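S.K.: Structure, please.
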Amino acid sequence: MEKEKPNYYANIPADVRYCKGLSANAKLLYGEITALCNKDGYCWASNKYFADLYEVSTTSVSLWIKSLSDNNFIECEIEDNYIRKVYLKGVLRKLKGGIKKTERGVLRKLKDNNTINNTTNNNTQEDKSSVTPNKSNTTINSLIEILLKEKNLTSLDGTQKENRQYAFLLIKNKIKPEFKSRLNREATEEEVIKSAELIIKNSDKFHKNNLTNFKYFYYNFGKLIQNHSKSKNIIV
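M.R.: Okay, the predicted model is just below:
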C-alpha cells in the first residue's frame, strides 16, 4: 500500500534554498517539515517516516535533520515519551502554557513561565550541558531513534534523562576515543551516528536482547565493539 503523503503546502524560504551548508535533500526535507508543521505547529514525523517516504536510509535523514538544526533552521526536542517534535525557527510553537519570546527570537509557549530564571551567576552556575544534554542535541536524538528503530521499541528502559546522559557519555568517552585510536583523527557527527548504528546492528543475540537502554550500551561498549569489528562495514 502506498504511503500516505501530506497534502499541505510546503514552503522553502530563500535563506534555506540558497544556504550553502545544506544539501539539496536537506532543503527538500525542510519543505516537507513545513508542510507537516502547518497542521499542528510542529512536525511529529520520525526519521523512519521520512526514510520510507523518500526511500532512503534513516541515517541519511538523521544527517539532513542535523544539518538543518546546525544551520538554525529547525529545533528538535524529544518528549518524555520519546516522541520527537521538530519546530521551525522563528515561528509560534504550540505547547501548553503562556507565550514567551526566547533569546533566539522564537515565540514559544512554555509549560510553566515560572521555570525560566534569567538570573545568571557566572561564578556559581553549573554547566549542566555536560551532565544532561539539551533535548535539541540532534546527534543524541538520532542515536535514540536508531536504538528504538533497530530494537523495535516504543520506549527505552530507564528514564529519558538517564538515557540522554549515557548517550552523551557513550559518544564522549567511548565512540570518539575508539575512533581516534584507530584512525588517528576526530570523528565527525556523521561518523558517530553511523558507528553507533552499525554497533547496534552487529550485536550478537545476547546483547540484542539486553541492549534496551544507553546505560547498557555504555558499560558493555567493549564487548559490543568486538562483534562490530567482525563486520565488513567498519566505521570505528
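S.K.: hey, let's count contacts and neighbours off CA atoms from now on
M.R.: Will do.
S.K.: to the chain's geometric centre, what's the distance from the longest helix seen in the chain?
M.R.: When every helix of the chain is counted residue by residue (DSSP state H), the longest turns out to be helix 24-40. Taking Cα atoms, centre = their mean, to the nearest Å, the mean C-alpha location of helix 24-40 is offset from the chain mean by 16 Å.
S.K.: With stretch 149-167 instead?
M.R.: Mean C-alpha position of stretch 149-167 versus that of the full chain (Cα atoms, centre = their mean) differs by 12 Å.
S.K.: what about dumping the CA coordinates of it to CSV?
M.R.: In CSV, the C-alpha atoms belonging to stretch 149-167 read as follows (Å, rounded to 0.1, in the frame of the first residue of the first chain):
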residue,chain,number,x,y,z
LYS,A,149,14.1,1.5,15.5
GLU,A,150,16.7,-1.3,15.5
LYS,A,151,15.2,-2.8,18.7
ASN,A,152,11.6,-2.2,17.6
LEU,A,153,10.9,-0.5,20.8
THR,A,154,8.4,2.2,21.7
SER,A,155,10.5,3.4,24.6
LEU,A,156,13.9,2.7,26.2
ASP,A,157,14.4,1.1,29.6
GLY,A,158,15.2,3.8,32.3
THR,A,159,14.3,7.4,32.3
GLN,A,160,14.8,9.7,29.4
LYS,A,161,17.2,11.8,31.4
GLU,A,162,19.3,8.8,32.2
ASN,A,163,19.4,7.6,28.6
ARG,A,164,20.4,11.1,27.4
GLN,A,165,23.2,11.2,30.0
TYR,A,166,24.6,7.8,29.0
ALA,A,167,24.2,8.6,25.3
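S.K.: Please work out the average pLDDT along that stretch.
M.R.: This predicted structure assigns stretch 149-167 an average pLDDT of 86.
S.K.: For the spatially most central residue of the chain, pull up the helix or strand it's in.
M.R.: Centroid-nearest residue in the chain, with Cα atoms, centre = their mean: Asn141, separated by 2.3 Å. Element membership of Asn141 [criterion: DSSP states H and E] is helix 138-151.
S.K.: for Val86, same thing?
M.R.: Using DSSP H and E, Val86 maps to strand 84-88.
S.K.: For that strand, the averaged confidence score.
M.R.: For strand 84-88, the mean confidence score works out to 86.
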